[in-house]
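> Prediction below, plus the sequence it came from.
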Amino acid sequence: MADKPSAAELKDYAEQADAWFKENTVRDPGFMLPLTFMEVSTDEQFDFLRDWQRKVYEAGYLGASWPKEYGGGGLHSEFQRVATRAMKKYDAPIMLNAIGNGWAGPLILDLGTEEQKQKYIKPMLSAEDIWCQGFSEPENGSDLGNAQLKAVRDGDEYVLNGSKIWTSLGDRAKYMILLARTDFDAPNKYAGLSFFLNPMKIDGITTSRIKKLTGEYGFVQTFFTDARISADCLFGGEGNGWSMAMKTLEYERGAKVKPVGGFFVKELDVMEIVELAKNSVRNGKPLLDDPVMRDKMTQYMIDIQALNLNNTRRRMPQLMQDKPMGLPLMNKLARTELIRELTEFSLAFQGSKAGYYVGDENAVDDGYWHRSYLNSFSATIGGGTSEIQRNIVAEHALGLPKTR
Amino acid sequence: MDNLGTIGTTEEQIELMDVATNFCRDKSPVDKVRALIDDDLGYDPGIWKEIGELGWLAIAIPEAHDGVGLSMAEVVPIAEQMGRNLMSTPFGSTTLAAQALLAGGSEAQQAAWLPKIAAGAAATLALREDNGDWDLSNIDATGSVSGDNVSLSGKKQLVLWADSAELIIASVKIDGAVRFALIERSTLPEGSLRRETVIDETARSYEVTLDGVTIPADALFDAGRTRETLEKIELAAGLIHAAEMTGGAQAVIDYTLEYLKTRKQFGKIIGSYQALKHPTVNNYVEYEKARTHLYSAAHSWGEQGRGEVAVRMAAAQSHSSYSTAADRAIQFHGGFGFTHDCDAQLHRRKAILSGALIGDAAYQRSKLANLLFD
């Protein structure tokens, strides 16, 4: 990695990044922007976010610390942190290609061949190639190791049959990181799995959109019917699929970070919620005069501040000695559950107007809070449910025995 | 939000954290903690002497008064480890008395007392009264000035370690205004101290009767600095108790984990049951939040506005986290949890006393809300 920058260099860079995002960030394109990459529903949302990611990449604020030879900026990771901070400061839209940049990219950079890095990284950063993830199956959500999608070797190809589900951006993606079963006779379920960098736009792969509880789209189910892919798509060697999937999940769950920059899930802006609460009335008085609501709101402020500071504390080894995996492993659980609770709580601020939904002219903030609450489940379920996350924290950070 | 702070550590904090971790673990094993429950003094004078020799009482005292010249931020890792090991001594009350002197004491009062405290003399604060109010200005004890003397009257409650303290700093009202009076314990009349039965059996607490106590007028803090003294005491107490409670929460969670990893029922280690596993994770998550707030509060110590927000967040979070973790620890230990022999009750009781002394989580949140929303 590049040398650690001086404070003066970082300050210059921060000023440039601030100026760029101040100038270029479009906050209101005239339609509702997704809060997470899992919610991209309409063509106008997709096109807007794809253009936005390319623009940020071309300006050098995405992948700034990834290797130059594969399309990154080749800078120290501190620069990326500064750039990401600028994005948040100016309330920039999310980065679309989350699975590519957040998970597949780091995996390929860590373990891929030279050829794979040359082929995949740059178009991933520029959002030319969108990536999706084929881990969950209709019958195997939390039990990832039980994946049944079949990949049978036939000469220089594998033949794929089966189905994946909850595939975010699956109908728009060019590639999928795919967990499939290559050996049905392996000594245990994990040993029979293999991992592929799978092309999506081929014969034998079809998708069907799933209508979500919000009424929007965003996920698909993907069907594989005698789909033939080159054996070169195998990643990490046959039978190593479980290990590759676990490495991917370390990125997905935030236990390991290779900062590409940007963010894929818009953080909750506390001040927006405080504003909402301040503008709400109860018994003819400001809602925040109500002692119960006031107390709850204060506890949420305490929670939000703790989680935000946890992100900083994670990088301070002197405060992480006792259970070093604790904060990294609990991050997803704590953050997604808090967002669910808080967005639900925001409905209580709206009084009778909580009855309106997106599309009605009387809806508060165009139904943003309702939609946020219903969408919040995508994160408390996706990537391993909160219940699975609790098992992970218990077993890997606290040393409790496995639940079987 | 402007008045939310960040987190950071100092080299001295980290150094003290290492030393305190080992010292408190070695000097305060739980069988010793339990033996001290039946001891009148309530602590080991040898260890108290060592604490003085380590310079821990001098940490947040300026060099001009023979202190180390650091701040409450560096007291935090020590108090945290004391709480973690249930090590009860007059450390907290003495540290708070020093902070009160720094906030409200005259140059002469500071010069008279701070070097003594830095060298190991115990001291304490007498703030609470029979009304049970956490508002430190709601008091009835009085002082009446006549000439060069002040006659005190009334009662102060929950005065920690009063029998060991050389100095008691009591709040009284003089002409309707709150003032602080420096009382040398050796001057108290016979029978002024009554040992109270407090829920935390590892602590010692006294009711102090002020009737018949006379102090020289120059043993009062300056009338003009009452407000900042009250604020400083509240925040220093919040921080030091937050540190103890955070350490305690860590300990009670670890204690419970040990049990969950060894106890078998229905042929299985009980920690493999999600009904026990998941709430334990929840308690652990709340503890980590508390520790993050604690070191954020230490980092923001002394900063206008955000310092108070951070301390109250730490106090609220640590009190709720410690209380819940200890409550669940009793439950998860089953029948054994209901016994005096189970250490979970030591923590549950300690959390109640801490909340009683500084204001519980709900009280801290109510003060926080004023800072955040108004």
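Nice, thanks for sending it over. Worth saying up front: this structure is predicted, and the values here are computed from it rather than measured.

> list the buried ones in the helix or strand where B:Phe23 lies?
Counting by DSSP states H and E, the element that carries B:Phe23 is helix B:11-27. For helix B:11-27, the buried set under the neighbour-count rule, 16 or more other CB atoms under 10 Å in any protein chain shown, comprises B:13-14, B:16-17, B:20-21, B:23-24, B:27. Yep, even glycine has a C-beta here, placed from its N, CA and C like the rest.

> what about that helix and chain A, any contact?
Yes - using CB under 8 Å from any CB of the partner chain, we find that helix B:11-27 touches chain A at B:14, B:17.

> Now do that helix: distance to the chain's middle.
Relative to the centre of its chain, helix B:11-27 is centred 18 Å away, using CA atoms, centre = their mean, to the nearest Å.

> does the residue in the stretch 201-350 of chain A positioned nearest to chain B count as helix, strand or coil?
Of all residues in the stretch 201-350 of chain A, A:Ala306 sits closest to chain B, at 3.7 Å by CB to the nearest CB. Assigned by DSSP: H, G, I helix; E, B strand; the rest coil, the conformation of A:Ala306 is helix.

> Which residues are in contact with it?
The contact partners of A:Ala306, by CB atoms under 8 Å, 6 or more residues apart in numbering or on different chains, come to B:288-290, B:292-293, B:313, B:317.

> Let's see if you can find the most crowded of these.
B:Met313 (35 neighbours; other CB atoms under 10 Å in any protein chain shown).

> isn't that one right up against B:Ala297?
Yes - with contact defined as CB atoms under 8 Å, B:Met313 counts as touching B:Ala297 (7.0 Å).

> re earlier: is it possible to get TSV of the contacts of A:Ala306 that adds pLDDT and distance to chain A?
Formatted as TSV, these follow (pLDDT from 0 to 100; distance: CB to the nearest CB, whole Å):
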residue	pLDDT	distance to chain A
B:Glu288	98	6
B:Lys289	98	4
B:Ala290	98	8
B:Thr292	98	5
B:His293	98	6
B:Met313	98	5
B:Gln317	98	6
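
> from the residues you listed, which single one is nearest B:Asp341?
Checking the contacts of A:Ala306 against B:Asp341 by CB to CB gives B:Ala290 as the nearest, at 26.9 Å.

> buried ones in the helix or strand that closest one falls within?
Using DSSP H and E, B:Ala290 falls within helix B:274-299. Residues B:276-299 are the ones in helix B:274-299 that count as buried (16+ other CB under 10 Å).

> Name the residue most distant from the centre of the chain?
In the absence of a named chain, chain A is used. In chain A, the residue that sits farthest from the middle, by CA atoms, centre = their mean, is A:Gly284; the gap is 41.2 Å.

> right idea, wrong chain: chain B
Distance to centre of chain B, CA atoms, centre = their mean, peaks at B:Gly267 (43.2 Å).

> ok, that one to B:Leu368 distance?
Separation of B:Gly267 from B:Leu368 (CB to CB, to the nearest Å): 48 Å.

> Count the residues that sit near the closest residue to B:Ala316 other than its chain neighbours.
Excluding its sequence neighbours, the residue lying closest to B:Ala316 (CB to CB, 6 or more residues apart in numbering or on different chains) is B:Gln364, at 3.7 Å. Using other CB under 10 Å, B:Gln364 is surrounded by 27 other residues.

> Just to be sure, B:Gln364 is in a helix?
Yes - when classified by three-state DSSP, B:Gln364 is found to be part of a helix.

> and it, what does it touch?
By CB under 8 Å, 6+ apart, the contact list for B:Gln364 reads B:238, B:312-313, B:315-316, B:319, B:358.

> try it again with 10 Å
A:298, A:302, B:134, B:238, B:242, B:311-320, B:355, B:358 (CB atoms under 10 Å, 6 or more residues apart in numbering or on different chains).

> same check, this time on A:Ala127
Here A:Ala127 is in contact with A:49-57, A:62, A:95-97, A:100-101 (CB under 10 Å, 6+ apart).

> Kindly indicate which of those residues lies nearest A:Asn161.
Looking across the contacts of A:Ala127 and measuring by CB to CB, the closest to A:Asn161 is A:Gly100, at 25.3 Å.
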